[in-house]
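Novice: Fold the following for me, if possible:
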Amino acid sequence: MTDDLTPPPGVITVFSDIWCSFAHITVARLHSARKRLGLEGKVRFDHRAFPLELLNNASSPRTGTDSEVARMAILEPEAGWQLWQNKDYYYPSTSLPALEAVQAAKLQSLEAAELLDLALRRAFWAQSKNIANRKVILDAAESTEVVDVAELTAALDDGRARRTLSDQAALSATERINCSPHLFLPDGTDHANPGISSHWEGRYGVGYPVVDADDPTAVEELIKRAAE
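Specialist: Below you'll find the predicted structure:
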């Protein structure tokens, strides 16, 4: 994988993890802003993995994501949220299979990867589904009506996107990628957690996030700039 993080015109590169609530907000805003601006055919999102479990040497605990739902959902309710409703043993212990699937879908097209990424975020945050489970991933792919599910299945079988995922994880561990989400634009600028500033009260999984400021229009401006 090249370390040139500046995408071509009309593309926004998005480093994130699927079980990151801040990324869930930003990705939802990217999709809604692009549609609102009538730029769905002119701007694409190049999703890349920022695998928190590899960077933190630990899986994301349910107590952590549950503590985020009420506080983050108020910023972007339409993204889809709920406290975990499934059995405890269905809570995903990893997001790596889902992140790999998005990279595998990107071998088909950026659109396929965008839609699978969005479907997996909703499956986790809004539907309490185990995104580490292969059937959940393939069902999400089927729901997009764009992803070639047979081709995705073959890609997961032979692991053709796994090297890409590993390369993105290695890049995420450097100082070039600050957090999930971190966006890179064709004009050479980059924007970590655009529009939102926050801090944590207490340890992750014990405390809770506090949003100090939120500008929902920030993402819309980035869409406009990517389209120029």
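Novice: Please count neighbours and contacts with C-alpha atoms only from this point.
Specialist: Fine.
Novice: And Arg36, how far from Ala28?
Specialist: Look at Arg36 and Ala28: by Cα to Cα, to the nearest Å, they are 12 Å apart.
Novice: actually Ser180, not the one I wrote
Specialist: For Ser180, the distance to Ala28 - Cα to Cα - is 14 Å.
Novice: Have a look at these two and say which one is more surrounded.
Specialist: The neighbour count for Ser180 versus Ala28, taken as other Cα atoms under 10 Å, is higher for Ser180 (25 against 19).
Novice: so the residue nearest to Arg29 when sequence neighbours are not counted is in which element?
Specialist: Excluding its sequence neighbours, the residue lying closest to Arg29 (Cα to Cα, 6 or more residues apart in numbering) is Val219, at 6.6 Å. Using DSSP states H and E, Val219 maps to helix 217-227.
Novice: What are the boundaries of the helices in this protein?
Specialist: 21-36, 52-56, 62-73, 96-106, 110-125, 134-144, 149-158, 162-172, 217-227 (DSSP state H).
Novice: and the end-to-end length of stretch 45-62?
Specialist: End-to-end for stretch 45-62, by Cα to Cα: 28 Å.
Novice: Run through who's touching that stretch.
Specialist: 11-17, 19, 84, 91, 93-96, 99, 102-103, 110-111, 113-114, 117, 165, 168-169, 172-173, 179-181, 205 (Cα atoms under 8 Å, 6 or more residues apart in numbering).
Novice: Filter these down to the buried ones.
Specialist: Listed as buried from the contacts of stretch 45-62 are 11-17, 19, 84, 91, 93-96, 99, 102-103, 110-111, 113-114, 117, 165, 168-169, 172-173, 179-181; burial here means 16 or more other Cα atoms under 10 Å.
Novice: got any ranges where this protein has weak pLDDT?
Specialist: 1-3 (pLDDT under 70).
Novice: Grab the nearest non-local neighbour of the residue sitting furthest away from the middle of it.
Specialist: Distance from the C-alpha centroid of the chain, by Cα atoms, centre = their mean, peaks at Gly202 (24.6 Å). Nearest residue to Gly202, sequence neighbours excluded (Cα to Cα, 6+ apart): Tyr208, at 6.7 Å.
Novice: again, but for Gly188
Specialist: Thr6 is the one closest to Gly188 (Cα to Cα, 6+ apart), at 5.5 Å.
Novice: Spit out the contact partners of that neighbour.
Specialist: Neighbours of Thr6 in contact, by Cα under 8 Å, 6+ apart: Thr13, Phe184, Leu185, Pro186, Asp187, Gly188, Thr189.
Novice: What of Ala126?
Specialist: Gly80, Trp81, Gln82.
Novice: Not counting sequence-adjacent ones, nearest residue to it?
Specialist: Trp81 (4.2 Å).
Novice: Report the separation between Leu30 and Glu221.
Specialist: 10 Å.
Novice: So for the two, which residue has more residues nearby?
Specialist: Leu30 (21 against 11).
Novice: ok, now which ones touch the more buried one?
Specialist: With Cα under 8 Å, 6+ apart, Leu30 has these contacts: Val219, Glu220, Ile223.
Novice: The second one: what's its closest spatial neighbour, skipping adjacent residues?
Specialist: The spatially closest residue to Glu220, leaving aside those adjacent along the chain, is Ala33, at 5.3 Å (Cα to Cα, 6+ apart).
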